[in-house]
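Q: Sequence and predicted structure, then a few things I'm wondering about:
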Amino acid sequence: MEKLTIVVPAFNEEAVLNRTLQKLQKIENELIHSEILDYSSDILIVDDGSIDHTWEIIKKFHKENQQFKGIRLSRNFGHQNALIAGLSSAVISADLVVTIDADLQDDPMVINKMLNYFANGADIVYGVRNNRASDTWFKRTSAVVFYKILNLIGVKLIPNHADFRLMSKRAIKTFLQYKERNIFIRGIIPLLGFKSAKVYYRRTPRLAGKSKYPLKKMLAFAWDGITSFSIVPVRLILFLGLLACSLGVFMFFYTIINNWLGLTVHGWSSLMISIWILGGLQMISLGIIGEYIGKTMLEVKQRPRYTIQQHLK
Ligand code: UDP
Ligand code: MG
C-alpha cells in the first residue's frame, strides 16, 4: 500500500490550525482503515516563519501523535517556497503527496477522489474549484483577468486550480528538477507531462483567520507568474518600435508633402520625422537587447529538457 503525506503550508495560522489538523487526521485515518493508504501515511506542516503560535501548535500535535511532522522555516519565505520545502522533504519517504492550504478553503473530502485517479494511473491530480462565490468580487475578477493575460502570452494554467493537488513520487522528483528561484508552481506542473486528472470541489470561505495574500503580495505573485514564464512583454517593445518606425515613414511622406504645399513652419518637418524614426529605432534596439536578456533568463533556469516516463530495458 502507498504512503501519503499531506503537506500543509502555514503562515500565522493559529486561528485555524487546530481544526484543520484534526480534520485532516480524521480523513487520513479513515483512508488508512479502509486500507486505501499505508498506515505510515502522515501529515507534514511547514511553518513558514510564523510569528504567532503556529509552531507551538505543530509541536503539540507532533508530541501527541507521530503522524504529525513539522518543518519550521527560519523566516517567511512565501507560500510557494514553503510548498517546495514540504515536497522536498516528503518525497524522501512518501509515494504520493497532497498539498493543501491550512485554512481548509479547499475541500479535503475530495482527497479520496484524488486517490481514485491516482490508483488509475494519474501522476498529478488537480483540485479545481467549481465556484468562486466565497471569494470577494475583486479577487474573482482579478483572477479571471490574470488567467486571460497569462493564456494570451502563452503560459498554460489549469483555470481555477490553485495549489491543492496530488502528486506522485516521480512527478515531485521531476518537479524538483525545475531549479528556478522565481517559482510559480502552478505554471510548472502542467509542463511536467505525465497523466493528469481533475477533481472538482466547492471552495468555501476561510475557517478563521485572515488571508495571507494582501493585494501587494497578490500583484507580486501575478507579476512573477508572467515574467518567469514568458518573454512576450519584451517582444511587445520590439513590436511597438516597429510600429513607431512605420509611423515615422508615414510621417516622412506626410511632412514632405506638407512642406511642398508650404503649410509648415520652418523646422517642423525635420523634427517630426526624427521624433518618430528615432523613437522607433530606440524601441527596436531595446526590444532586441530585451530578446537576448529574455533568452538568458530562460537559459539560466536550467530546466530539464525532457522527462522520461517509461524505459523498456
Ligand atoms: N502561506 C504561507 N506563506 C505565506 C503566505 C501564505 O505559507 O507567506 C500559506 C497560508 O498559511 C495558507 C496558504 O499559504 O495555508 C494560502 O494562503 P491564504 O489562504 O492566505 O491565501 P488565499 O486563500 O487568501 O489566496
Ligand atoms: Mg486561503
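A: Happy to help now that I have it. Ligands and ions are numbered 1, 2, ... in the order given.

Q: number of nearby residues for residue 98?
A: 27 (other Cβ atoms under 10 Å). To be clear about C-beta, it is placed using only N, CA and C from the backbone, and glycine gets the same treatment.

Q: Tell me where this structure has strands.
A: 4-10, 42-47, 68-72, 96-99, 124-129, 161-168, 196-201 (DSSP state E).

Q: To ligand 1, which of those strands lies closest?
A: In terms of Cβ to the nearest ligand atom, the element of the strands of the chain nearest to ligand 1 is strand 4-10, at 3.6 Å.

Q: What is the closest one packed up against?
A: helix 17-33, strand 42-47, helix 79-90, strand 96-99 (3 or more Cβ pairs under 8 Å, 6 or more residues apart in numbering; DSSP states H and E).

Q: Can it be said to contact ligand 2?
A: No. Using Cβ under 5 Å from the ion, strand 4-10 stays clear of ligand 2, coming no nearer than 10.4 Å.

Q: Note down every partner strand of that strand and its orientation.
A: Partners of strand 4-10 in the sheet, by DSSP bridges, are strand 42-47 (parallel), strand 96-99 (parallel).

Q: which residues sit against stretch 195-208?
A: Contacting residues not belonging to stretch 195-208 are listed as 15-16, 19-20, 103-107, 109-110, 113-114, 117, 120-132, 134-135, 158, 161, 190 [Cβ atoms under 8 Å, 6 or more residues apart in numbering].

Q: Just the buried residues of that stretch, please?
A: 196, 197, 198, 199, 201, 203, 206, 207 (16 or more other Cβ atoms under 10 Å).

Q: possible to save the residues you listed as a markdown table with pLDDT and distance to residue 149?
A: Listed next are the buried residues of stretch 195-208 as a markdown table, based on pLDDT from 0 to 100; distance: Cβ to Cβ, whole Å:
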| residue | pLDDT | distance to residue 149 |
| --- | --- | --- |
| 196 | 96 | 23 |
| 197 | 96 | 27 |
| 198 | 96 | 22 |
| 199 | 96 | 26 |
| 201 | 93 | 26 |
| 203 | 85 | 22 |
| 206 | 82 | 26 |
| 207 | 79 | 31 |
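
Q: Among these, which one sits closest to residue 8?
A: Residue 8 lies nearest to residue 207 out of these, by Cβ to Cβ, at 13.0 Å.

Q: any chance of the strands paired with strand 4-10 in CSV, plus distance to ligand 2?
A: Formatted as CSV, these follow (distance: least, Cβ to the ion, whole Å):
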stretch, distance to ligand 2
strand 42-47, 15
strand 96-99, 13
